[in-house]
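S.K.: fold the stuff below for me.
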Amino acid sequence: MEHAHEDHPVDLAAALARARSPERPGPGTSAGPAVRARPGPSHPIPEAGPADLDLQALLRLSLAASDDSGRLRPASSAGALHPVDTELVVGTGCPLPPGRYGYDPLRHRVHRIGRPPGDTPPGVSAELSVTARRTVSHYGHRAWPLLLLDTGHAAAALLLAARALGADEPEVRLDGLAGSPLAVVRIAPPGGRGPVRPPDGTHRPQPPASAPTPGELLARRSTPPPLSGAPPPDALRAVLATAERAGTGDLRWSAAVGPPRPGLVEPAADGTTLRRRATGEARRTLAAWAAGQAWIADAGAVLLARGCPADADTPHIRRTHLRAGFAVHLAHVTALRHGLAARPVGSWQQADLGAALGGAPGRDWIVHALALGTRHADKENTT
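M.R.: This next block holds a predicted model:
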């Protein structure tokens, strides 16, 4: 069973089967507060010392709202409803005293809610859970896949923020074994995962050249449709490669492309080229499957994550959706770095891609997608 803050338990297998059906959601309901209520007063996050993990910057680049409504944030969310809640388990090597804190992304402040466990390592562990009501308010019975995808996006945003700050590569738990927290991202302080610090306390590690810049992370947004214009082959290969590296295991990755040779392409075994998985125009069918979003039929390309069979158990459902959201978020940033417009697409009904390609039904469903277009198309739509 699934659990969410202030929500009733949910049978996740039944919820996914219903979300995949053609049933339409009913009237909208109240989303409730945009941030989970926390006990006690809120506190600012102190400035980081030279040997500390910069929690202010980490959270600003990953989870903090940049407008009063709370809709604009670095991590993508279905309907900009942002159901993901974050608790921080803080150890040594951080500007906050060790403890457990609830993070308020609207005010960029924290509430201390408890002592840290006795085995808390240095750095911070961000524990991600959801308040389902926020997403249910708009998407109704289609909400649970979107809640899991949103959590994967938030985990990826934390990973990218850590990379931008030059931190050691975070440990990301997306195993699907727990209902709450759904995901955990652990980030060590400068100097590694142990108690070792920079020798003189004056040097911060520099991010690698491949890491995104803070400016890139703050500027990322989902491009509003339409997203026309076919991505260049090298850019499409890079986006697919990013998704495949990040979303390994239960997911398979391909992209629907249009003329002059419409069809599905996927990474070839050599890792540097694309091979054709199927021929024929798929984007119109994808538009019908994606809650009838007609603009997808004219998208330059559509990256597709598929898997999660109809008989998947709860850990499998959690795991595949968390990993799909995580991988699509990283692929989105890769697309932006290659000058593309991009928009995640999370709601899919009757999208049994495996059966459409001649495979056994119920085995290979679309889990998540990223629509792609070229920047010149975006400019044409705004001039």
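
S.K.: can you give me the helices for this structure?
M.R.: Taking DSSP state H as the criterion, the chain contains helices spanning 12-19, 55-60, 132-139, 143-164, 214-219, 233-246, 283-289, 314-337, 353-356, 375-382.

S.K.: now the angle from the longest strand along the chain to helix 143-164?
M.R.: Counting residues, the longest strand in the chain under DSSP state E turns out to be strand 365-374. Relative orientation of strand 365-374 and helix 143-164, computed by axes from the mean of the first three to the mean of the last three CA atoms, to 10 degrees: 50 degrees.

S.K.: returning to that earlier point: buried deepest among the helices of the chain, which one?
M.R.: The highest average neighbour count among these, using mean count of other CB atoms under 10 Å, belongs to helix 143-164 at a mean of 27. To be clear about C-beta, it is placed using only N, CA and C from the backbone, and glycine gets the same treatment.

S.K.: any stretches of this structure with poor pLDDT?
M.R.: Low-confidence segments of the chain, defined by pLDDT under 70, span residues 1-8, 192-205, 375-383.

S.K.: how is it divided into domains?
M.R.: Residue ranges of the domains in the chain are recorded as 12-217, 233-382, according to automatic domain parsing.

S.K.: need those domains in a markdown table with distance to residue 224, can you?
M.R.: Written out in a markdown table, the entries for those read as follows (distance: least, CB to CB, whole Å):
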| stretch | distance to residue 224 |
| --- | --- |
| domain 12-217 | 12 |
| domain 233-382 | 7 |
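
S.K.: looking at the ones you listed, which is nearest to residue 226?
M.R.: Proximity of the domains of the chain to residue 226 was assessed by CB to CB; the nearest stretch is domain 233-382, lying at 4.8 Å.

S.K.: from the chain's centre, how far out does the closest one sit?
M.R.: What separates the centre of domain 233-382 from the centre of its chain is 14 Å, taken as CA atoms, centre = their mean, to the nearest Å.

S.K.: repeat that for stretch 19-30.
M.R.: Relative to where its chain is centred, stretch 19-30 has its mean C-alpha point 22 Å off (CA atoms, centre = their mean).

S.K.: what do you get for stretch 206-224?
M.R.: 14 Å.

S.K.: follow-up on the earlier one: quick one: closest of the domains of the chain to residue 225.
M.R.: Comparing the domains of the chain under CB to CB, the one sitting nearest is domain 233-382, at 3.8 Å.

S.K.: distance check, residue 39 against residue 112.
M.R.: Using CB to CB, to the nearest Å, we find residue 39 at a distance of 9 Å from residue 112.

S.K.: tell me which of the two has more neighbours.
M.R.: residue 112 (19 against 9; other CB atoms under 10 Å).

S.K.: quick check: the more buried one touching residue 90?
M.R.: No - here residue 112 does not reach residue 90: they are 9.4 Å apart, not a contact under CB atoms under 8 Å.

S.K.: so what sits against both of those two?
M.R.: Listed contacts common to residue 112 and residue 90 are 99-101; contacts here mean CB atoms under 8 Å, 6 or more residues apart in numbering.

S.K.: export those as a markdown table, with columns for neighbour count and distance to residue 167.
M.R.: Formatted as a markdown table, the shared contacts of residue 112 and residue 90 follow (neighbours: other CB atoms under 10 Å; distance: CB to CB, whole Å):
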| residue | neighbour count | distance to residue 167 |
| --- | --- | --- |
| 99 | 17 | 20 |
| 100 | 19 | 21 |
| 101 | 26 | 19 |
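
S.K.: residue contacts, the closest residue to residue 46 other than its chain neighbours?
M.R.: Here the nearest residue to residue 46 in space, its sequence neighbours aside, is residue 95; by CB to CB, 6 or more residues apart in numbering that works out to 4.0 Å. For residue 95, the contact set (CB under 8 Å, 6+ apart) comprises 45-49, 52-56.

S.K.: now residue 323
M.R.: Residue 323 is in contact with 152, 174, 246-251, counting by CB under 8 Å, 6+ apart.

S.K.: right, and the helices of the chain - which one's nearest residue 26?
M.R.: Between residue 26 and the helices of the chain, the shortest separation by CB to CB is 10.4 Å, and it involves helix 132-139.

S.K.: contacting residues around that closest one?
M.R.: Contacts with helix 132-139, where a contact means CB under 8 Å, 6+ apart, come from 4, 6-7, 10, 25, 28-32, 34, 78-79, 81-83, 143-144, 146-147, 150, 347.

S.K.: at 10 Å instead, please
M.R.: 2-8, 10, 15, 19, 25, 28-36, 77-85, 142-147, 149-150, 291, 346-347 (CB atoms under 10 Å, 6 or more residues apart in numbering).

S.K.: wait, isn't residue 276 in contact with residue 267?
M.R.: No - counting by CB atoms under 10 Å, residue 276 does not reach residue 267; the two are 11.7 Å apart.

S.K.: residues shared between the contacts of these two?
M.R.: Both residue 276 and residue 267 are contacted by residue 254, under the criterion CB under 10 Å, 6+ apart.

S.K.: before we move on, back to that, tell me, what's touching residue 39 and residue 112 both at once?
M.R.: Any residue near both residue 39 and residue 112 by CB under 10 Å, 6+ apart counts here, and that gives residue 102.

S.K.: tally of neighbours for residue 38?
M.R.: By the criterion of other CB under 10 Å, residue 38 has 18 neighbours.

S.K.: just residue 187 next, same as before
M.R.: Residue 187 has 25 nearby residues by other CB under 10 Å.

S.K.: ok, now how distant is it from residue 151?
M.R.: Between residue 187 and residue 151 the distance is 17 Å, computed by CB to CB.

S.K.: what's the answer for residue 261, then?
M.R.: Separation of residue 261 from residue 151 (CB to CB): 37 Å.

S.K.: scan the contacts of residue 95 and report the most crowded one.
M.R.: Neighbour counts for the contacts of residue 95 peak at residue 53, which has 28 neighbours (criterion: other CB under 10 Å).
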